[in-house]
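> Give me a 3D structure for the following:
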Amino acid sequence: MFVSFSKNLGNGFRIGVGYNFNDKPSKRDNDREEFILKVLNEVKSLFQTMCRNINVSVGTFEFAIEQNCQIEITDILTENNSKKISEISDLFSKISELIEKIRFSKSLSTQTREKITDFVFESKKIISTLEYEDDLEERLILLLSEKLQKEENEIKKMIKKSQKNKTEKKKMGCLTYIIIFFIVMFLISLITNEDKTNNPKNSSKIEKKIK
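Numbering: from 1, shown residues only. Purely as a prediction, here's the structure:
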């Protein structure tokens, strides 16, 4: 499994996750992927906590980030919260850069692990100090309505549709990987059995070619 982040204009960020199938991952590979997955889960949890603390739903906040319609956080948040959200975004961006380096080099040093851990806990500390915003959900939807030139009810429908599409993509993604996995295993089984019947000595060579 791998994680990816991308920072947007307006001090926003996206979080993504994907999968890689390796025949025989080493213990070091497993440890590295487990750490990345742990970071991903923690960042998602922190993002949810951040939204809850400032009184906005995760779906609405994610939708606003994805629109790229030049919404400035100072337009909807207090000055204090705006500064803190910017700091959190910068920390997530640093985590992103480090994880990209890990994925490229396929190596996770103790120093990098400690840096990411520090960034995660620093983010957690800042998020715990965020102030509750009155009517932030409604104000954000109103601002999106003005920026996108659509009615508020239409914006709400777009938000629901966006969340539904994400859920469906996750389900289809998991199903696709499961189907591919079983198809590959079935083909390997057929080829291996056929090869053993014809010439057992060549089975190892065929398996290597498949891999």
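> Can you list the buried residues in the host helix or strand of S89?
Following DSSP states H and E, the helix or strand that holds S89 is helix 79-105. For helix 79-105, burial by neighbour count (16 or more other CB atoms under 10 Å) applies to 81-82, 84-85, 88-89, 91-96, 98-99, 102-103. The C-beta positions use only the backbone N, C-alpha and C, and glycine is treated the same way.
> can you pull the contacts of the residue nearest to V56 when sequence neighbours are not counted?
Take V56 and drop its neighbours on the chain: the residue closest to it by CB to CB, 6 or more residues apart in numbering is L136, 4.6 Å away. Shown in contact with L136 (CB atoms under 8 Å, 6 or more residues apart in numbering): 54-56, 76-77.
> follow-up on the earlier one: which strands and helices lie in contact with the helix holding S89?
Helices and strands touching helix 79-105, by 3 or more CB pairs under 8 Å, 6 or more residues apart in numbering; DSSP states H and E, are strand 2-8, strand 12-18, helix 27-54, helix 110-127.
> for the second one, what is the average pLDDT?
Rounded to a whole number, the mean pLDDT of strand 12-18 is 54.
> Check the third one too.
Per-residue confidence for helix 27-54 averages out to 92 on the pLDDT scale.
> Which neighbouring elements make contact with that helix?
Secondary elements touching helix 27-54 (3+ CB pairs under 8 Å, 6+ apart): strand 2-8, strand 12-18, helix 58-66, helix 79-105, helix 110-127.
> Put together TSV for these, with distance to K147 on each row.
Converted to TSV, those look like this (distance: least, CB to CB, whole Å):
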stretch	distance to K147
strand 2-8	14
strand 12-18	14
helix 58-66	9
helix 79-105	17
helix 110-127	26
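> can you tell which of the ones you listed is closest to L144?
helix 58-66 (6.0 Å; CB to CB).
> Check which helices and strands that closest one sits against.
By 3+ CB pairs under 8 Å, 6+ apart, helix 58-66 packs against strand 12-18, helix 27-54, helix 136-148, helix 152-198.
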